[in-house]
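>>> Make a model of this:
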Amino acid sequence: MLELAILGFLYDTPLHGYELRKRITALTGHVRPVAESTLYPAIKRLEKANLLARTTEPGSVAAPRHVLTLTDEGRRELRRRLAEPVQRDITDENRWFTVLAFLRHLDDAGAQAAVLRRRLAFLEEPASFFYEGDRPLRAEELDDPFRRGILTIARATSRAELSWLRDTIGSLRAADL
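You can find the predicted model right below:
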């Protein structure tokens with residue numbers, strides 16, 4: 001998820017590490033804050049893989065700043081990861097939001113719709129946070145008001161996302177014709 005976010009933000013514009021960290025934190029920070037000890041090793045891995053390049057610019061006040069730019073290979077890699085997200089990127093909500101934040105970088109409406117259809121199929125499967133044996137429990141079946149709250153909120157969120165997915169897939173299909 002972190003590498004995808006790095007590639008996605010750098011696809012838009014070159015950034016220095018501090019600005020990149022701020023943008024990633026704005027996208028995912030409420031759930032998974034990005035520490036420097038996590039971000040900079042990921043940047044180095046991507047740089048070593050020739051997916052991004054680093055240049056040095058003079059600092060406005062103090063030390064020079066390292067500006068990160070996506071290479072052509074990095075652009076191709078971002079589009080590949082967006083077109084072929086791993087299953088966990090479809091099923092984990094935070095990872096899914098990262099994919100969704102950059103899905104516009106796929107130029108093909110059909111490819112975008114294919115990714116959205118995978119998420120739609122996942123959400124249409126019966127699921128719950130709580131089970132009786134193998135059977136998913138619905139909010140109405142729970143006596144615990146807090147667990148019932150979790151399921152009520154999740155249901156509302158899922159309904160909104162399902163509606164958005166169906167509408168967007170339809171509009172992408174229309175654009176692809």
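
>>> What residue in this structure is the furthest from its centre?
Asp143 (34.6 Å; C-alpha atoms, centre = their mean).

>>> how about that one, secondary structure?
Under DSSP: H, G, I helix; E, B strand; the rest coil, the three-state class of Asp143 is coil.

>>> distance of it from Phe130?
11 Å (C-beta to C-beta, to the nearest Å). (C-beta placed from N, C-alpha, C; glycine too.)

>>> Between those two, which contacts overlap?
Counting by C-beta atoms under 8 Å, 6 or more residues apart in numbering, Asp143 and Phe130 have no shared contacts at all.

>>> Residue ranges in this protein under the pLDDT threshold?
29-32, 59-62, 177 (pLDDT under 70).

>>> Centre-most residue in it?
Thr98 (1.2 Å).

>>> thought Thr25 was touching Thr38?
No. Counting by C-beta atoms under 8 Å, Thr25 stays clear of Thr38, with 11.2 Å between them.

>>> Now tell me what touches stretch 46-58 from outside.
3, 6-7, 10, 16, 43, 64-71, 73-74, 77.

>>> Apply 6 Å and report the result again.
For stretch 46-58, contacts defined as C-beta atoms under 6 Å, 6 or more residues apart in numbering pick out Leu10, Pro64, Arg65, His66, Val67, Leu68, Thr69, Leu70, Thr71, Glu73, Gly74, Glu77.

>>> and the first one, how many residues sit next to it?
The number of residues packed near Leu10 is 25, by other C-beta atoms under 10 Å.
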